[in-house]
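Sequence and predicted model, in that order:
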Protein chains: 2
Amino acid sequence: METAVTALSALAQETRLAIFRALMRAHAPEEGKGGLAAGEIASALDVAPATLSFHLKELLHAGLVVQRREGRSLIYKADLAAMHGLTAYLIDDCCQGACGSLSPCVPGRAEAECV
Amino acid sequence: METAVTALSALAQETRLAIFRALMRAHAPEEGKGGLAAGEIASALDVAPATLSFHLKELLHAGLVVQRREGRSLIYKADLAAMHGLTAYLIDDCCQGACGSLSPCVPGRAEAECV
DNA sequence: TCCATATTTTGACTATTATAAAAATAATGA
DNA sequence: TCATTATTTTTATAATAGTCAAAATATGGA
């Protein structure tokens, strides 16, 4: 639950959610590919460098993004597995499957319970 | 996105997430049934009345729970549709389907992208 | 109407979070 | 090595969130 609270807190902020969405759009499944440089995010979202850095650290700390260096740039990339962990927690643990968006697909889940 | 941030903020707190989980366990699909009285939540989670009330208002404001009166008690109940809205937002909009826990079930979603 | 119960609101306080300017660090190329 | 670019860290400040005692409100029953 602590992990979930940390991840939820990380996404529960306008700027950070916008950052994460931008990173999802720039995502590539291949290791070492995809993601955005801090500077690219800063100009795309019009956020002051220090402020952006603060938010990126927050997302990093929550494990929702990973960081790699490419020359002078630090590239940030969304961590799909972490995000999956969060949605899985919300749907399966928190809601016991009763609120999953894709509920009907899962065997053993009552269709009637699917919202 | 504003709605999502509000909902995420509501759940991004130990006590509130615990409240919501308790309400999910006490859920019943029928209108006017299920949920927990404020007092029941307070004793179950050992939270001071005023503090609990503050958190319940937060969840109410986020639309994640609904309230009904039964005699002297106020019964709080999780709103499944709202929770579905949140998970759907995270999976479909925020992640464009790439991080859904139940991803493979949805037609048109690439199996390879499913975590 | 008066009392007891259930819960919320108010108010005061502490803690955490967000912002951004300025200084520090890291990498590259001249 | 020095200048340049990219980014983080430090530091200060402002804003928001969490806690809880005490007072207020709402309901039901004697």
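In hand now; what should we look at? Numbering: from 1, shown residues only, chains lettered A, B, ... in the order given.

got any ranges where chain A has weak pLDDT?
Low-confidence regions of chain A, defined by pLDDT under 70, span residues A:100-115.

Tell me, how many residues neighbour the residue of chain A found nearest DNA strand D?
With distances taken as CB to the nearest atom of the strand, chain A approaches DNA strand D most closely at A:Gly39, which sits 2.1 Å away. Placement of C-beta: from N, CA and C, glycine included. Burial of A:Gly39 is recorded as 13 neighbouring residues (other CB atoms under 10 Å in any protein chain shown).

Quick one: the strands in chain A, in order.
In chain A, the strands defined using DSSP state E lie at A:36-37, A:65-70, A:73-78.

before we move on, the earlier item: please tell me how far the nearest residue to the residue of chain A closest to DNA strand D once chain neighbours are set aside sits from DNA strand C.
Across the structure, with CB to CB, 6 or more residues apart in numbering or on different chains as the measure, the residue nearest A:Gly39 apart from its sequence neighbours is A:Ser73 (6.6 Å). Shown here: A:Ser73 relative to DNA strand C, a distance of 9 Å by CB to the nearest atom of the strand, to the nearest Å.

Can you name the residues bridging to A:Ser73?
Beta-bridge partners for A:Ser73, by DSSP bridges, are A:Glu70.

TSV for the strands of chain A, including distance to DNA strand D and mean neighbour count?
Conversion of the strands of chain A to TSV gives the following (distance: least, CB to the nearest atom of the strand, whole Å; neighbours: other CB atoms under 10 Å in any protein chain shown):
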stretch	distance to DNA strand D	mean neighbour count
strand A:36-37	3	20
strand A:65-70	7	14
strand A:73-78	3	21
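
Any chance of a markdown table for the ones you listed, columns distance to A:Tyr89?
As requested, the strands of chain A are arranged in a markdown table below (distance: least, CB to CB, whole Å):
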| stretch | distance to A:Tyr89 |
| --- | --- |
| strand A:36-37 | 26 |
| strand A:65-70 | 18 |
| strand A:73-78 | 17 |
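
Those residues of chain A touching DNA strand C, which are they?
Taking CB under 7 Å from any atom of the strand as the measure of proximity, chain A contacts DNA strand C at A:9, A:13, A:15-16, A:47-51, A:54-55, A:58, A:69, A:71-72.

Those residues in helices, which ones?
A:Ser9, A:Thr15, A:Arg16, A:Pro49, A:Ala50, A:Thr51, A:Phe54, A:His55, A:Glu58 (DSSP state H).

Determine which two of those residues are furthest apart.
A:Ser9 and A:Pro49 (22.4 Å; CB to CB).

ok, those two, which is more surrounded?
The neighbour count for A:Ser9 versus A:Pro49, taken as other CB under 10 Å, is higher for A:Ser9 (18 against 10).

can you pull the contacts of the more buried one?
If a contact means CB atoms under 8 Å, 6 or more residues apart in numbering or on different chains, then A:Ser9 has A:Glu58, A:Ala62, B:Ala12, B:Gln13 as its contacts.
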